[in-house]
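Participant: Below: sequence and its predicted model.
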Amino acid sequence: MTTTSGPTGRAMPENDTPPGGPEVASSPPLLQLRGISKHFGAVEALKYVDLDVPAGQVTALIGDNGAGKSTLIKAIAGIYPPSSGEIFWEGQRVSLHSPRAAEELGIATVYQDLALCDNLDIVQNMYLGHEASKRLTLDEITMELETRRVLTELSVFTVRSVRQLVGSLSGGQRQAIAVARAVMHESKLVIMDEPTAALGVTQTAQVLELITRLASRGIAVLVISHNLNDVFTVADRIAVMYLGTLVECGPIANYDTTRAVELITTGAGARADG
Amino acid sequence: MTSSDGTVTEVRSESADAPGVFESLWRKVRSGEASLLPILLGLAVLVIYFQVRNSVFLSAGNLTNLFVQATIFILLAMAETWLLLLGEIDLSVGYVAALGATTAVILLDAQFHWPWYLALLAAIAVTTSIGVLQGFIIIKLRLPSFIVTLAGLLGWEGVLIFFVDRQGTGGTIPVQEKVLYDLVNGNLSPLATWIFTAASLAIFCWSILRKDQSRRASGLESVPFAVTIMKVAALVVAGIILVLIFNTNRGTFTVLRGMPYAIPVDFVMLTAGGFILTRTKAGRYIYAIGGNPEAARRAGINVDRYRLLAFSLTGVTAGVAGLIYASRLGGISDGVDGGNLVLLAVASAVIGGTSLFGGRGKIIHAVIGGMVIASIYNGMALINMSAATQFIATALVLLVAVAMDSVARRSTASR
């Protein structure tokens, strides 16, 4: 079994040496977390978390409520900088002290509530905060062409027009727009928090399709999900969290639903594969 | 509509065939995206009604008067629009405008005798500073704009009374300086009226055609060329009609012709405001913040900075409105009803189609709404309706407009 981390109490890695996981041959994984801890006062939300997120693969982060999944992705997104531990990006040690710093590295986060403006159209939402301009005025033509290109490339859905207001889109379409916006700005890692939580069956399928497509384009995807069906549909790797620790992490082939549920509920990683 | 099997489906732009145009127009009307259409129809109904009741309504003299009457509502509504777009409101805007006008009138008085341009600039500087101050308090202390500007409504009236009464001219300071007086009461010469209108039309039509052309050149589908041409033609016809109205002699004893200066003032404010809102990042961010402040913040937008910008733009616009107001009344008095003014300003903006809930609206809505309010006041006076009826009619129009706003908002949100 290829786990990159054992149960709790694992020793911290050596200083400043980019560690290579067992499954890495030449280049290190895109993102490596080593010994990440996060305290909120006396509460230890994350305890020595080690995690590798390789490019071109979908890593699913699963765990029960309060297991620390959200805290972990917020640490990666620069919202809650970790109390201790090291983060390596493309083998280089980095500090993710702010959302802006994470964004500049190429980390994009799609939150559960999507953060779209219903009163703006698709193009305007896609470029919000990153508008293209020409001679001090907005360059609508470039933005519209580029939006159409990205949406066509990722095509999982049809929209009437890219000038349609986002408020008039369906849940799946909105999710797709949020994801497309995340990948448009040259993101290398896309983090998604429960992307299918509020969606119906068809729309869920569309979003899962989109996730697979992102990975096939060489983008690293880290997705939080409660839905094990979804996880086993899209994920290449699985990482299980239990009470702030990362109990196991490895290729999806090493797991089945029963084992995943057991890990989520008991955190016991000692049992052999079924 | 959607395909879940992962086949590559094309992202289409607005369909270009003629039935598609009407279909998409209807969809826009229903979702509140094309809010101009219903209110223009409403305005037409009002105009027809008043014209049938009193044929003076559509005379050149009365129409010119109507445009001038509308200016104060239009400008104050524009001032309010900046904040309504953010989901905020400014209840003090009437007194702030009056305070700006007071500044100008006092500085132009014999006692100080400032040159007119400095006095007018000082007036706008005062209203802008007040806008920034109120905005700063609202943003930094996280107070509701409703309450802070309600305090402004009371406080600035006090300041106004203090300064007006201190002049010792019996509670009224007259406008004696020519430029400020002519702002409303003076006219462009008929030739200048033609030149100004032609130049404005040229700019507008050029910008419409250029946008259309560059979309076509980039391979983006757009409305059929015939529709663009129709739009341009309609603008030109409207411009010519306006000039003919303004250039008709409306004097009884002397010849009185030409466009009142107030119209170019409206036009400049409309163009500048429209430019900021549709062509610049600042405008885009104001819409974004009004629609979803959290989304704007996460997109890296400095939300507080753009909110403060909107408050200052409200101040600038209120300053211009105040000057027009003083010019029209021929002075400023301590009895200015800023409370009523602000209510009519908000009503104008909302009647025109700007949402009270933030994120939706345009500067042009202020113009249409201001025209509707002015038409009601003007027309009701012509057919000798009582003040009571005027108030009730305005209230009904406002209620209908707000109801439409709410319906449009729900139809977008419910899908």
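Facilitator: Arrived safely, thanks for sending.

Participant: Going by C-alpha atoms from here, please, whenever you check contacts or count neighbours.
Facilitator: Noted.

Participant: Could you list every helix and strand in contact with the helix or strand of chain A with the lowest mean pLDDT?
Facilitator: One helix or strand of chain A scores below all others by mean pLDDT, DSSP states H and E: helix A:171-184, with a mean of 83. Judged by 3 or more CA pairs under 8 Å, 6 or more residues apart in numbering or on different chains; DSSP states H and E, the packing partners of helix A:171-184 are strand A:107-110, helix A:122-126, helix A:140-154, helix A:201-216.

Participant: mean confidence for stretch B:213-221?
Facilitator: Stretch B:213-221 comes out with an average pLDDT of 84.

Participant: That one near chain A at all?
Facilitator: Yes: remark: stretch B:213-221 sits within contact range of chain A at B:214, B:215, B:218, B:220, by CA under 8 Å from any CA of the partner chain.

Participant: chain center to stretch B:296-304, what's the gap?
Facilitator: Centre-to-centre, stretch B:296-304 and its host chain are 27 Å apart (CA atoms, centre = their mean, to the nearest Å).

Participant: Now tell me what touches that stretch from outside.
Facilitator: A:100, A:115, A:117, A:128, A:129, B:139, B:285, B:288, B:289, B:293 (CA atoms under 8 Å, 6 or more residues apart in numbering or on different chains).

Participant: Please confirm that the second one is located within a strand.
Facilitator: No: checked against DSSP: H, G, I helix; E, B strand; the rest coil, residue A:115 lies outside a strand; its state is coil.

Participant: tell me the phi and psi of it?
Facilitator: Here is the backbone geometry of residue A:115 (degrees, to the nearest 10): phi 50, psi 50.

Participant: if we can go back for a sec, so how do I select the buried members of the residues of stretch B:213-221 next to chain A in PyMOL?
Facilitator: The PyMOL command for the buried members of the residues of stretch B:213-221 next to chain A (criterion: 16 or more other CA atoms under 10 Å in any protein chain shown) is given here:
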select buried, chain B and resi 215+220
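
Participant: Among the residues of stretch B:213-221 next to chain A, name the ones in helices.
Facilitator: Using DSSP state H, the subset of these located in helices is B:214, B:215.

Participant: Show me which pair in the residues of stretch B:213-221 next to chain A is furthest apart.
Facilitator: The largest separation in these, counting by CA to CA, is between B:214 and B:220 at 8.6 Å.

Participant: ok so, going back, turn the residues of stretch B:213-221 next to chain A into a markdown table, columns for distance to residue B:319.
Facilitator: Shown next, in a markdown table, are these (distance: CA to CA, whole Å):
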| residue | distance to residue B:319 |
| --- | --- |
| B:214 | 37 |
| B:215 | 38 |
| B:218 | 42 |
| B:220 | 41 |
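
Participant: which of the residues in stretch B:172-189 are buried?
Facilitator: B:172-175, B:177, B:179-189.

Participant: pLDDT (mean, whole number) over that stretch?
Facilitator: For stretch B:172-189, mean pLDDT is 89.

Participant: now the end-to-end length of that stretch.
Facilitator: End-to-end span of stretch B:172-189 (CA to CA, to the nearest Å): 31 Å.

Participant: quick one on the thing from earlier: keep only those of the buried residues of stretch B:172-189 that are in helices.
Facilitator: Secondary structure from DSSP H places B:179, B:180, B:181, B:182, B:183, B:184, B:185 of the buried residues of stretch B:172-189 in helices.

Participant: any idea which element the closest residue to the second one other than its chain neighbours lies in?
Facilitator: Right, residue B:180. With sequence-adjacent residues excluded and distances taken as CA to CA, 6 or more residues apart in numbering or on different chains, residue B:180 is closest to residue B:327, at 5.8 Å. Assigned by DSSP states H and E, residue B:327 falls within helix B:303-329.

Participant: how about the strands in the stretch 251-400 of chain B?
Facilitator: Secondary structure of the stretch 251-400 of chain B (DSSP state E, counting those that start in this stretch): strands at B:331-333.

Participant: Give me the phi and psi angles of residue A:137.
Facilitator: phi -110, psi 160.

Participant: hey, what's it bridged with?
Facilitator: Beta bridges link residue A:137 to residue A:134 when assigned by DSSP bridges.

Participant: wouldn't it be in contact with residue B:280 here?
Facilitator: Yes: between residue A:137 and residue B:280 a contact is recorded at 5.1 Å, counting by CA atoms under 8 Å.

Participant: just to revisit the earlier point, let me know the closest of the residues of stretch B:213-221 next to chain A to residue B:369.
Facilitator: For the residues of stretch B:213-221 next to chain A, the nearest to residue B:369 is residue B:215 (31.2 Å; CA to CA).
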